[in-house]
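Asks: With the sequence up front, the predicted model follows.
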Amino acid sequence: GRALLSPLRGAPRALRGLAAGPEMHFGFQRVTEEERREKIYQVFESVAKRYDVMNDSMTLGIHRVWKDILVHKMNPSPGTLLLDVAGGTGDIAFRFINYVRSVRERQLQRKLKQHQNLSWQEIFENYQEDKFNSLGDSQVVVCDINREMLKVGKQKAQHLGYSEGLSWVLGNAEELPFDDDKFDVYTIAFGIRNVTRIDLALQEAYRVLKPGGRFLCLEFSHVSNPLLSRLYDLYSFQVIPVLGEVIAGDWKSYQYLVESIRQFPPQEELKAMIEDAGFFKVDYENLNFGIVAIHSGFKL
Amino acid sequence: VRCQHYPPLRALQASAVLRRVSDEHKKEPFTSSSQQQFDPHPAAHQPEQEPQGPHPSYTGQGGQESEDYESEEQLQRRILTAALEFVPEHGWTAEAIAEGAKTLGLSVAAAGMFHSDGSELILHFVSECNAKLSELLEKEQKLVQLGEAEKKPTDEFLRDAVEARLRMLIPYIEKWPQALSILLLPRNIPSSLSLLTSMIDDIWHYAGDQSTDFNWYTRRAVLTGIYNTTELVMLQDSTPDFEDTWRFLENRVADAMNMSHTASQVQSTGEAVVQGLMGAAVTVSN
């Protein structure tokens, strides 16, 4: 197998360990940082095409609600510049665009209502100038480290008719290809769990946000209720990998998924890490008893 | 091992936005007697949080540690004050707060620190108005003490105080009904009630009135009733410079003064607000 492909991997493990960095977790396995990045890349490369279908079947469609809640919490106003990291197939980006569009529509309606005695000409002109600004200058940049995921996302956008205010960038959350103080909001939905150096990703998030900007993270978290926790474990370890095999033909990737959730820091620990990166007013909201949590912080 | 522990970098990073407090002190307008604080997020949020090593960000009133950065609360207040300018256009909403944040050079996302219904903005405004009123009354009292002004009779004092306070609503009067309805939300009632009662108590304190037969509860209830009813009248007043409102106020105060001579009692405290809203129900007892 793999050992044949690269001479480095044939080396004694201890030596390899010294050369390639500290040990980390990949699900329940122990690996080096570099190995972890590679393995995760491969996971997503292989699931990319079935990503959305699997999300629906594993969470029984509830992930859609979680993502809706995230965008509602964000409550973006027109003109907001959003960076969606690990945004892969575009779920958050599309919701953001929809939200901003409807807020903008309401704004325009209100503006028109105030002008009671417009001539037809004036009304026509009003609609004209705003036709080209239906998003109110809002923009979302979707950044993902995985080419396959971006590809799927772009196809989806085309298919669903999203074009305005949307851009796709290949990039690494630990080292973002953007300048300082650029974005109003930074989101990372179900992505931070897969980042190898979370602290670096948080620091990068801090860096690229404008002063006053907001960090939002949606991620699987820890269930404290013991009964629910047992049921959740049962479902996770018995059902999900099977679904993975049946629907996507890929047991191992979904085994990794479930394990990575267990390895991820619980709510308070993540909150502390976010604070360490420099964010203020850091708080979290549990969804579904802690199966998922939304963490929020501000660059103040 | 869940994750590697990396040493906290916070101590090394200066805050991006929180200003040094020495800048702040030049601008602080309100007097210590009138710090009417409400806590929008009781309990769940520990006050720990300012862990920068060399820059603890709590500042005492006297600014003992001039090297401090302002606290999050102070920044939030700055944002809300800046947001007031946009209320006539956007109403008491998250949009107004976002615009306010923009003028301070912050991202519009900073409005996410507050509730989307604008509660904190309104409570902040009420608190600021009350503070301004206290300052005004304090100044007047000083003038009287120095002998540079006459002490006003109680009815005139009350009239002027209520008028001064209500006039502060004038720039926002169109959107004020919306604000009142938000203040009446169950979540906001403890704060709005407490702000109201301390303002009323403040006025009575400066009125320094010893002559009437009212006891403390009655005074509170009566003045609260006068204030609330006058406020409601003001919302529907379209006369120039709200003349009708001030005339209404004059009459209500006169009624109240007459009441004292007939030794009537109005049971209250918790009912003060409801009383006010229904108009003061007067029972003549003998």
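Replies: Now that the structure is in, tell me what you want to look at.

Asks: Name the residues of chain A found near chain B, please.
Replies: Applying C-beta under 8 Å from any C-beta of the partner chain, one finds that chain A approaches chain B through A:22, A:24-25, A:73-77, A:79-80, A:184-185, A:197-199, A:203, A:209-214, A:263-265, A:269, A:273, A:275-278, A:280-281, A:283, A:296, A:298-300. Quick note: C-beta positions are derived from backbone N, CA and C, even for glycine.

Asks: I'd like to know which of those residues are buried.
Replies: The neighbour-count criterion (16 or more other C-beta atoms under 10 Å in any protein chain shown) marks A:24-25, A:74-77, A:79-80, A:184-185, A:197-199, A:203, A:209-214, A:264-265, A:273, A:275-278, A:280-281, A:283, A:296, A:298-300 among those as buried.

Asks: quick one, helices of the stretch 101-250 of chain B?
Replies: For the stretch 101-250 of chain B, applying DSSP state H, counting those that start in this stretch gives helices covering B:119-145, B:154-167, B:176-183, B:189-207, B:216-235, B:243-261.

Asks: Please identify the most buried of the ones you listed.
Replies: helix B:216-235 (a mean of 21; mean count of other C-beta atoms under 10 Å in any protein chain shown).

Asks: same for that helix, what does it pack against?
Replies: Taking 3 or more C-beta pairs under 8 Å, 6 or more residues apart in numbering or on different chains; DSSP states H and E as the contact definition, the neighbouring helices and strands of helix B:216-235 are helix B:154-167, helix B:176-183, helix B:189-207, helix B:243-261, helix B:272-278.

Asks: Relative to B:Ser71, which of these is closest?
Replies: Relative to B:Ser71, the nearest member of the helices and strands packed on helix B:216-235 by C-beta to C-beta is helix B:189-207, separated by 19.3 Å.

Asks: returning to what we had before: in helices, which of the buried ones among the residues of chain A next to chain B fall?
Replies: Taking DSSP state H as the definition of helices, these contribute A:Met74, A:Ile198, A:Asp199, A:Gln203, A:Met273, A:Glu275, A:Asp276.

Asks: could you point out the longest helix in chain A?
Replies: Counting residues, the longest helix in chain A under DSSP H turns out to be helix A:91-114.

Asks: Only the buried residues of that one, if you could.
Replies: Along helix A:91-114, the positions that meet the burial threshold by neighbour count (16+ other C-beta under 10 Å) are A:91-97, A:99-101, A:103-104, A:107-108.

Asks: Run through the residues that contact the residue nearest to B:Lys175 when sequence neighbours are not counted.
Replies: Spatial nearest neighbour of B:Lys175, excluding adjacent residues (C-beta to C-beta, 6 or more residues apart in numbering or on different chains): B:Gly91 at 4.8 Å. With contacts defined as C-beta atoms under 8 Å, 6 or more residues apart in numbering or on different chains, the neighbours of B:Gly91 are B:Gly118, B:Lys175, B:Gln178.

Asks: can you pull the contacts of the residue of chain B found nearest chain A?
Replies: For chain B, the residue closest to chain A is B:Leu106, as judged by C-beta to the nearest C-beta, at 2.8 Å. Contacts were defined as C-beta under 8 Å, 6+ apart; by that measure B:Leu106 touches A:Lys210, A:Pro211, A:Gly212, B:Val17, B:Ile79.

Asks: at 6 Å instead, please
Replies: B:Leu106 sits next to A:Pro211, A:Gly212 when contact means C-beta atoms under 6 Å, 6 or more residues apart in numbering or on different chains.

Asks: Helices of the stretch 51-200 of chain A, start to end?
Replies: Assignment of helices within the stretch 51-200 of chain A using DSSP H, counting those that start in this stretch yields the ranges A:51-59, A:62-74, A:91-114, A:120-131, A:147-160, A:198-208.

Asks: And the ones you listed, which one averages the lowest pLDDT?
Replies: Among those, helix A:120-131 has the lowest mean pLDDT, at a mean of 68.

Asks: Tally up the residues packed near B:Ala82, please.
Replies: Neighbour count of B:Ala82, defined by other C-beta atoms under 10 Å in any protein chain shown: 18.

Asks: ok, now how distant is the nearest residue to it once chain neighbours are set aside from B:Met234?
Replies: Distance criterion C-beta to C-beta, 6+ apart; nearest residue to B:Ala82, sequence neighbours excluded, is B:Gly100 at 3.7 Å. As defined by C-beta to C-beta, to the nearest Å, B:Gly100 lies at a distance of 25 Å from B:Met234.
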